[in-house]
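Trainee: Requesting a structural model of the entry that follows:
(chains A and B)
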2 protein chains.
Amino acid sequence: MELKHYMKELGAQVDEALDRMLPGEKILPQRLHEAMRYSIFAGGKKLRPLLALAACEAVGGRRRDAMAAACALEMIHTYSLIHDDLPCMDDDDYRRGRLTNHKVYGDATATLAGDALLTAAFTTLSDPEHTAGLDPAVTLQVIRIISRAAGSLGMVGGQVADMESEGGLEVDLPTLEFIHIHKTGALILASIKAGALLGGADAEILARMERYGEAAGLAFQIADDILDIVGDQEEIGKDVGSDQARGKATYPALLGLEESRRRAIELRDMAIEALEPLGEAAEPLRAIARYIVDRTR
Amino acid sequence: MELKHYMKELGAQVDEALDRMLPGEKILPQRLHEAMRYSIFAGGKKLRPLLALAACEAVGGRRRDAMAAACALEMIHTYSLIHDDLPCMDDDDYRRGRLTNHKVYGDATATLAGDALLTAAFTTLSDPEHTAGLDPAVTLQVIRIISRAAGSLGMVGGQVADMESEGGLEVDLPTLEFIHIHKTGALILASIKAGALLGGADAEILARMERYGEAAGLAFQIADDILDIVGDQEEIGKDVGSDQARGKATYPALLGLEESRRRAIELRDMAIEALEPLGEAAEPLRAIARYIVDRTR
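Mentor: A predicted model of the protein is given here:
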């Protein structure tokens, strides 16, 4: 199947599941639930759910067994965007071509909507309705993997390191890799590991999935840095060059555009190679690795 | 044993466990871990851990089986205080007699330290080291109870409702109860349920613990409202009358001081009554119910 159709099909299923898993807009406090839904249904790429579901299927698992984890990952990713956009952080007015959460609901509600989405991820992951038929020990392992990747040793840690690097002295490559591996890589890797575990992967396959996830995660961020420079403003939905304007550390700034492109392609190929013994079932994961590097937004 | 000694002993054990469970200040990003620790070790009452541990012991469980949950509850409570104090929320400069997190570390780091503490709660709850010997299904149930109580249908929902009521028209009693039951009651109740479940409580005892938890949670908040008016500023560590100044809904404002006191005492007695068949092992829980209403800070 073509990736575009696979992404569309899975994206629709994830949206439907998110709609079931999050409290409705009529439930009190209505404004909070409205704010949570405003950002979660803002038309994101849903890369993390996609990776979790594709990883689950690649190892022979059932898509529905990874659906709660897929939704939880999207909730965590979305909360991080809401908080990143706050005036005390990046102070962004637009995200995905729409007003950011705090521009619509105010800073306080946006902060709390982010908090509630992060919390809802764990309510979803531990919901007996969504984990029926799974080994509770595996579900616990998935909660552990996702929470570690999202916290101070993962995504939040990367965000702090990124903030600290801004506008200061030029950061070196090891610092830039620390930022990227933590800020975006950790949750991308966790998506793949969670999906593979929920699909019943053994230790050997899990190790291959980790190699895929590490390479794909870093490739994604390098591609993101490149897009910030050469991307089409309308397509990426935020200001082109905004990282540069902010003095943020990026791969192109450190290595140049050509070398950055070369690295992204190298990482893409490493990711695809790691999946070698997995055959046809891993085709969507291979397509995602290609998409990550070749995308235009 | 006298409650003061029990609280001191448990408080020290919880501090020690929190120190083990949270990343050290030398771990990158150091400033983030320092900020998390600044607030978690700020000398709070540790009411939620205390309730979880006392509930576990009251039903005949082992203290160590509820220690991870106790610490997770304190992380969640602390994150909520850090975010509540932010300029975009209550904009408080002092908490527990010390500068608030954002006054020391800045708004961005404080926001992220709160996010990281909330996330760390679930890393702790799912840590195989801390849940060894427990039924994974019970651990999952505890994660579910705590996350629901902390999220948009619990604590965060109460915070939003509280914000919305501020400075507006006078709120009525049902709205005030919605705020209190959600904002503080839900996590207090979850502390007791989690502790009882981890201690091996059966359905009948669990139902009694819930009655205790609901009554104690509401009593705590009424007592808090009373303290805001009549408390000693040095003892409670924040500005006396600050709720009033903000036009926040409180019990004394709605019912008067005498009627509020009468309700708190009634709830305290209901809480103690619910524990009737539990005997000596529930003595600390009874003492906590008395302390909640009689405390001066």
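Trainee: what's the pLDDT at A:I229?
Mentor: pLDDT recorded at A:I229 is 84.
Trainee: Now it. Nearest residue, chain neighbours left out?
Mentor: A:P252 (5.5 Å; Cβ to Cβ, 6 or more residues apart in numbering or on different chains). Backbone N, C-alpha and C define where each C-beta goes, glycine included.
Trainee: That neighbour: neighbour count?
Mentor: 19 (other Cβ atoms under 10 Å in any protein chain shown).
Trainee: which element is it on?
Mentor: Using DSSP states H and E, A:P252 sits in helix A:251-255.
Trainee: can you check A:A271 too?
Mentor: Counting by DSSP H and E, A:A271 is part of helix A:257-274.
Trainee: Could you list the alpha-carbon positions for the following helix or strand past that helix in PDB?
Mentor: Per DSSP H and E, the first helix or strand lying C-terminal to helix A:257-274 is helix A:283-294. Presented in PDB, the C-alpha positions along helix A:283-294 are these (Å, rounded to 0.1, in the frame of the first residue of the first chain):
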ATOM      1  CA  GLU A 283       7.100  -2.000   4.600                       C
ATOM      2  CA  PRO A 284       5.200   0.900   6.200                       C
ATOM      3  CA  LEU A 285       8.100   1.500   8.600                       C
ATOM      4  CA  ARG A 286      10.500   1.700   5.600                       C
ATOM      5  CA  ALA A 287       8.200   4.100   3.900                       C
ATOM      6  CA  ILE A 288       8.000   6.300   7.000                       C
ATOM      7  CA  ALA A 289      11.800   6.400   7.200                       C
ATOM      8  CA  ARG A 290      11.800   7.600   3.600                       C
ATOM      9  CA  TYR A 291       9.000  10.100   4.200                       C
ATOM     10  CA  ILE A 292      10.800  11.500   7.300                       C
ATOM     11  CA  VAL A 293      13.700  12.600   5.200                       C
ATOM     12  CA  ASP A 294      12.000  13.500   1.900                       C
END
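Trainee: Just the helices from the stretch 101-250 of chain A, written as ranges.
Mentor: With DSSP state H, counting those that start in this stretch as the criterion, the stretch 101-250 of chain A has helices at A:101-105, A:107-125, A:128-131, A:136-150, A:155-165, A:173-180, A:186-198, A:203-230, A:233-236, A:242-245.
Trainee: Quickly, which of those helices bottoms out on average pLDDT?
Mentor: helix A:233-236 (a mean of 51).
Trainee: Can you confirm whether stretch A:187-203 lies near chain B?
Mentor: No. Using Cβ under 8 Å from any Cβ of the partner chain, stretch A:187-203 never reaches chain B; the gap is at least 11.1 Å.
Trainee: buried residues in that stretch?
Mentor: A:187-201 (16 or more other Cβ atoms under 10 Å in any protein chain shown).
Trainee: sorry, back to before: tabulate the CA atom coordinates of the helix holding A:A271 in CSV.
Mentor: In CSV, the C-alpha atoms belonging to helix A:257-274 read as follows (Å, rounded to 0.1, in the frame of the first residue of the first chain):
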residue,chain,number,x,y,z
LEU,A,257,23.1,22.2,4.3
GLU,A,258,24.8,19.6,2.1
GLU,A,259,26.4,17.7,4.9
SER,A,260,23.2,17.8,6.9
ARG,A,261,21.3,16.3,3.9
ARG,A,262,24.0,13.6,3.6
ARG,A,263,23.6,12.7,7.3
ALA,A,264,19.8,12.5,7.1
ILE,A,265,20.0,10.2,4.1
GLU,A,266,22.6,8.0,5.8
LEU,A,267,20.4,7.7,8.9
ARG,A,268,17.4,6.9,6.8
ASP,A,269,19.3,4.1,5.1
MET,A,270,20.5,2.8,8.5
ALA,A,271,16.9,2.7,9.8
ILE,A,272,15.8,0.8,6.7
GLU,A,273,18.7,-1.6,7.0
ALA,A,274,17.8,-2.5,10.6
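Trainee: Now do that helix and helix A:283-294, the angle between them.
Mentor: 170 degrees (axes from the mean of the first three to the mean of the last three Cα atoms, to 10 degrees).
Trainee: Can you list the buried residues in helix A:257-274?
Mentor: Quick answer for helix A:257-274 (16+ other Cβ under 10 Å): A:S260, A:R261, A:R263, A:A264, A:I265, A:L267, A:R268, A:M270, A:A271, A:I272, A:A274.
Trainee: got those residues as a markdown table, with distance to A:G11 columns?
Mentor: Converted to a markdown table, those look like this (distance: Cβ to Cβ, whole Å):
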| residue | distance to A:G11 |
| --- | --- |
| A:S260 | 28 |
| A:R261 | 27 |
| A:R263 | 28 |
| A:A264 | 24 |
| A:I265 | 26 |
| A:L267 | 24 |
| A:R268 | 22 |
| A:M270 | 26 |
| A:A271 | 21 |
| A:I272 | 22 |
| A:A274 | 25 |
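Trainee: Export those residues to JSON lines and append columns for pLDDT and distance to chain B.
Mentor: Compiled in JSON lines, the buried residues of helix A:257-274 are given as follows (pLDDT from 0 to 100; distance: Cβ to the nearest Cβ, whole Å):
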{"residue": "A:S260", "pLDDT": "95", "distance to chain B": "24"}
{"residue": "A:R261", "pLDDT": "95", "distance to chain B": "29"}
{"residue": "A:R263", "pLDDT": "95", "distance to chain B": "23"}
{"residue": "A:A264", "pLDDT": "96", "distance to chain B": "25"}
{"residue": "A:I265", "pLDDT": "96", "distance to chain B": "30"}
{"residue": "A:L267", "pLDDT": "96", "distance to chain B": "23"}
{"residue": "A:R268", "pLDDT": "96", "distance to chain B": "28"}
{"residue": "A:M270", "pLDDT": "97", "distance to chain B": "26"}
{"residue": "A:A271", "pLDDT": "97", "distance to chain B": "26"}
{"residue": "A:I272", "pLDDT": "97", "distance to chain B": "31"}
{"residue": "A:A274", "pLDDT": "97", "distance to chain B": "26"}
